[in-house]
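Peer 1: Have a look; sequence and predicted model below, questions after that.
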Amino acid sequence: MLTNTGTNMTPCCGLKPTHARRLSLIMRRWLENNSGWLLVFDNADEPGLLEEYIPTDHKGHILLTSRAQLFDNLGISKPVELPKMPPDEAKEFLLKRTGRSDLSHAENEAILKIAEELDYLPLALEQAGAYIKELKAGFSNYLSSYRTRGLDMFKKHLPVTGKYPESVATTWLLNFEEVEKTSKASADLLTASAFLNPDNIPLELIIKGAPELGETISTAIESIEKDPLVLDELLLPLTRYSLINRDASAYSIHRLVQIVIRDRIGKDAERVWAERTVKAMSRAFPAVEFQNWQLCERLVPHAKAGAELIKKWGFEFEEAARLLNNVGFYQYERALYSEVEPMYRRALEIREKSLGSNHPDVAQSLNNLALLYDSQGKFTEAEPMYRRALEILEKSLGKNHPSVATSLNNLALLYKTQGKYAEAEPMYRHALSIYEKSLGKDHPSVAQSLNNLAGLYSSQGKYDKAEPMYRRALKIWEKSLGKNHPNIATVLENLALLLRKTNREAEAKEMEERARGIRGGGKGD
């Protein structure tokens, strides 16, 4: 291609066509001896091929476009990375490309969705714009057809502007094939990434989920604890061909690349990779505890993608239920209730079918679903679930297991909320006794049980019974969780309310000040 370009240049440069081997030298000398020129290398995805064409001392300009990332061999240490088009720019491009204006509200919404679903990639937008113009189609109709046909829309019609020889789909496939030649593990990682949310895929997901993603990926990073660069080396072929964008803690993949990859592997392999990805996400999603919230938040978009895969393929293995349960519980903890119920219900269905109706994991799902209903004031739906969960746990784990205590606490809280104090108190006391015997008197669960029982007494005006329990809970949590845990703020607020009701205003304010500091709303200590 480069020698053909050089041949086309010879008339305007005053050169005679000559032997192909000498042509690059002639071009280079001409560039070094003349000024005011612009040399463009478009789609230079293998920068090593350009070395003999770049003049060492020149008075012109060179513009190079490439999907490659490193150009050190050409003396370019900081190439300019071109981001995707901003949404308004993508919209303007499609309007100009199709010659449209004065859109209806529906058409305006459609053009924005087209740009979004094509991931704001110029070549894809050009291909879509050319097709829309040729058919004289509306943006809404194009969007509907694209959602129905998917990648087929890009296989039949090439981009027009720029005279690109390949469609956007073929371009990505060629790059993927180059990655496969370089590293099977990297190609497999790209395939797995096609089933995740495309944005900000945490590296922790790959590290912790690797055993579920197939032998090539697992083997490639098995030494990561001692040799952390193995993950960077796994990602390198993907960044080299601009198939992903990455930073120190995450990477992103183009939506169209995901579609191309899924289309390429076929339905049977798609199911295999969907299952692998769900299992990897289940393994990577941490225990829903305060210290893990930040990682949970980063994983939620990918867990939601996993939930869609579970629904699409009808997965019923335990890892699917665990993922649904854990991401649902995290969103419940953050009071994001709207998406929790369907996840909890599907997890319960899977567990009942795969584990049997009397398995402890079924009880966990029942407890979680009951907690959700309890939080929404749906007490009649919550109570039978709590009772069934308690019955399962007592039979399967024994009556003195900590999980039984947790179930008792939940049921007692339901009764307390309804003002059924006589039913709640013995359950709270029984739960506290189980925790102390099974976990020890200084365990955080003991503090939770003390806080609950103190709340019951405080609601009845039995402040002399409540106060020592609040103070003991505070002491246990400070020792076990640290002084800035949200649970500390909760018990401080409870204690402050009690102190105010017993006319100890100064100490109550002190407790409230500490609680605000923990929650980030005041000075604190």
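Peer 2: Happy to help now that I have it.

Peer 1: Just give me how far stretch 431-441 sits from the chain centre.
Peer 2: 38 Å (CA atoms, centre = their mean, to the nearest Å).

Peer 1: for stretch 177-195, same thing?
Peer 2: Distance, centroid of stretch 177-195 to centroid of chain: 19 Å (CA atoms, centre = their mean).

Peer 1: Heading C-terminal from the helix or strand containing residue 232, find the next helix or strand.
Peer 2: Assigned by DSSP states H and E, residue 232 belongs to helix 229-240. For helix 229-240, the following helix or strand on the C-terminal side (DSSP H and E) is strand 244-246.

Peer 1: three-state assignment of residue 287?
Peer 2: Classification of residue 287 using DSSP: H, G, I helix; E, B strand; the rest coil returns coil.

Peer 1: contacting residues for it?
Peer 2: Residues in contact with residue 287 (CB atoms under 8 Å, 6 or more residues apart in numbering) are residue 326. Heads up, the C-betas are built off the backbone N, CA and C, glycines and all.

Peer 1: mind giving me the domain split of the chain?
Peer 2: With domains defined by automatic domain parsing, the chain comprises 2-74, 87-155, 356-439, 445-525.

Peer 1: which of those domains has the lowest average pLDDT?
Peer 2: Among the domains of the chain, domain 2-74 carries the lowest mean pLDDT, at a mean of 71.

Peer 1: Report the distance from that one to the chain centre.
Peer 2: That offset, for domain 2-74, works out to 43 Å (CA atoms, centre = their mean).

Peer 1: same question, stretch 205-222
Peer 2: Distance, centroid of stretch 205-222 to centroid of chain: 18 Å (CA atoms, centre = their mean).

Peer 1: which strands and helices sit next to the helix of greatest length in the chain?
Peer 2: Of all the elements of type helix in the chain, the one with the most residues (DSSP state H) is helix 255-284. Counting contacts by 3 or more CB pairs under 8 Å, 6 or more residues apart in numbering; DSSP states H and E, helix 255-284 packs against helix 168-182, helix 184-193, helix 203-209, helix 293-313, helix 318-333.

Peer 1: That helix: which residues count as buried?
Peer 2: 255-264, 270-271, 273-284 (16 or more other CB atoms under 10 Å).

Peer 1: Between helix 255-284 and the helix holding residue 232, find me the angle.
Peer 2: Helix 229-240 runs at 160 degrees relative to helix 255-284, counting by axes from the mean of the first three to the mean of the last three CA atoms, to 10 degrees.

Peer 1: So which residues of this structure form strands?
Peer 2: Listed in chain order, the strands of the chain (DSSP state E) span 35-41, 59-64, 201-202, 244-246, 250-253.

Peer 1: contacting residues around the shortest one?
Peer 2: What that stands for is strand 201-202. Outside strand 201-202, the residues touching it (CB under 8 Å, 6+ apart) are 193, 249, 250, 251, 252, 253, 295, 298, 299, 302.

Peer 1: 10 Å instead?
Peer 2: 189, 192-193, 196, 208, 244, 246, 249-253, 284, 295, 298-299, 301-302 (CB atoms under 10 Å, 6 or more residues apart in numbering).

Peer 1: and the closest residue to residue 99 other than its chain neighbours, what is it in contact with?
Peer 2: If you skip the residues right next to it in sequence, residue 99 has residue 133 as its closest partner in space, 6.7 Å away by CB to CB, 6 or more residues apart in numbering. Counting by CB under 10 Å, 6+ apart, residue 133 touches 94, 97, 98, 99, 100, 160.

Peer 1: which one of those residues sits closest to residue 212?
Peer 2: Closest approach between those and residue 212, by CB to CB: residue 94, at 40.1 Å.

Peer 1: surely the closest one meets residue 116?
Peer 2: No: taking contacts as CB atoms under 10 Å, residue 94 lies outside contact range of residue 116: 11.6 Å.

Peer 1: quick one, which of those two is more surrounded?
Peer 2: More crowded of residue 94 and residue 116, by other CB atoms under 10 Å: residue 94, with 24 against 12.

Peer 1: Throw together a ChimeraX command that grabs the buried residues out of the contacts of residue 133.
Peer 2: This is how ChimeraX selects the buried members of these, with burial counted by 16+ other CB under 10 Å:
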select :94,97,98,100
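
Peer 1: which among the contacts of residue 133 gets closest to residue 394?
Peer 2: Distance to residue 394, by CB to CB, is smallest for residue 94 among the contacts of residue 133, at 63.1 Å.

Peer 1: The closest one and residue 170, how far apart?
Peer 2: 22 Å (CB to CB, to the nearest Å).

Peer 1: Next: residue 513.
Peer 2: Residue 513 is 64 Å from residue 170, by CB to CB.

Peer 1: Burial check on residue 183, number of neighbours?
Peer 2: Residue 183 is flanked by 19 other residues according to other CB under 10 Å.

Peer 1: what residues are up against it?
Peer 2: 189, 190, 216, 220, 233, 234, 235, 236, 237, 238.

Peer 1: one step back: can I get the domains of the chain in CSV including distance to residue 184?
Peer 2: Below are the domains of the chain laid out as CSV (distance: least, CB to CB, whole Å):
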stretch, distance to residue 184
domain 2-74, 20
domain 87-155, 23
domain 356-439, 36
domain 445-525, 45
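
Peer 1: nearest to residue 224, of those domains?
Peer 2: Going by CB to CB, the one of these nearest residue 224 is domain 2-74, 22.3 Å.

Peer 1: okay, residue 260: pLDDT?
Peer 2: As predicted, residue 260 sits at a pLDDT of 89.

Peer 1: thought it was touching residue 152?
Peer 2: No: here residue 260 lies out of contact with residue 152, judged by CB under 10 Å, at a distance of 11.8 Å.

Peer 1: Name the residues contacting each of the two.
Peer 2: Shared contacts of residue 260 and residue 152, counting by CB under 10 Å, 6+ apart, come down to residue 169.

Peer 1: Contacts for stretch 390-408 next, please.
Peer 2: 357-364, 366-367, 370, 386-389, 410-411, 424, 426-439, 443, 445-446, 448-449.

Peer 1: Need the buried ones from these selected in PyMOL.
Peer 2: Applied in PyMOL, the following selects the buried portion of the contacts of stretch 390-408 according to 16+ other CB under 10 Å:
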select buried, resi 359+360+361+362+363+364+366+367+370+386+388+389+410+411+424+427+428+430+431+432+434+435+436+438+443+445+446+448+449
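
Peer 1: So which of the contacts of stretch 390-408 sit within helices?
Peer 2: Among the contacts of stretch 390-408, the ones falling in helices (DSSP H) are 360-364, 366-367, 370, 386-389, 410-411, 424, 426-439, 445-446, 448-449.
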